[in-house]
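**Q** sequence and predicted structure are below.
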Amino acid sequence: TNKVREYNSLLTGDEKSYNPESALKLLSHIREFSFTGREELIANLLMYDAAYKKDALRFFEIVEDAQSFGLLRYIVGEIGTILKKYFGNTTNKKILTKCLIFTKVDIDKKSLFANELRNYAFFLEKSGDTANAAKYNERADQIDKEIKLKYEEFLKK
């Protein structure tokens, strides 16, 4: 688990340190054993490897399949960050549409993270919907301010 987390952090951080051969070797070892959370770790490694290789079609296929099996439930918000980092410069309309689908969030949902809103706003902007992108970014700023205030109040307790 720690090794998979290490690979995950490399992909969301410094991808130059990521080693695809080591990741596949780790995947091979994980597949040999049976333990709680094994399937999610496999899905995680496959997803990150596809992102690292900038294989958007494989990435979306893995995420869709994994989600249909109830996997990746703990990293849903992280998927938007991965999309932005690895596929944010795409000019391919099909990939951009998928990015919009995978990052979409309800702006009126009570429990939102600013990062989720900003990821969706980023892809809205790329698709030309600047008005909605601005609304999502404003809501993200509002959430950041609310969290900062709550945190400051918490520290005063």
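**A** Good, I have the coordinates.

**Q** got a list of what the one residue sitting closest to the centre of the chain touches?
**A** The structure's the chain has its C-alpha centroid closest to I79; by CA atoms, centre = their mean the separation is 1.6 Å. Listed by CB atoms under 8 Å, 6 or more residues apart in numbering, the contact set of I79 reads M47, V63, L72, F102, T103. (C-beta placed from N, C-alpha, C; glycine too.)

**Q** what's the answer for A43, then?
**A** Going by CB under 8 Å, 6+ apart, A43 touches I62, D65, A66, F69, L71, L72.

**Q** please check the residues you listed and keep the buried ones.
**A** Of the members of the contacts of A43, the ones counted as buried by neighbours, 16 or more other CB atoms under 10 Å, are I62, A66, L71, L72.

**Q** and the residues you listed, which is closest to Y86?
**A** The shortest gap between Y86 and any of the buried ones among the contacts of A43 belongs to I62, at 13.0 Å (CB to CB).

**Q** show residues contacting the helix or strand containing that closest one.
**A** Secondary-structure element containing I62, defined by DSSP states H and E: helix 56-68. Contacts of helix 56-68 with the rest of the structure, by CB under 8 Å, 6+ apart, involve 40, 43, 46-47, 50-51, 72, 79, 82, 86-87, 90, 92, 95, 98, 102.
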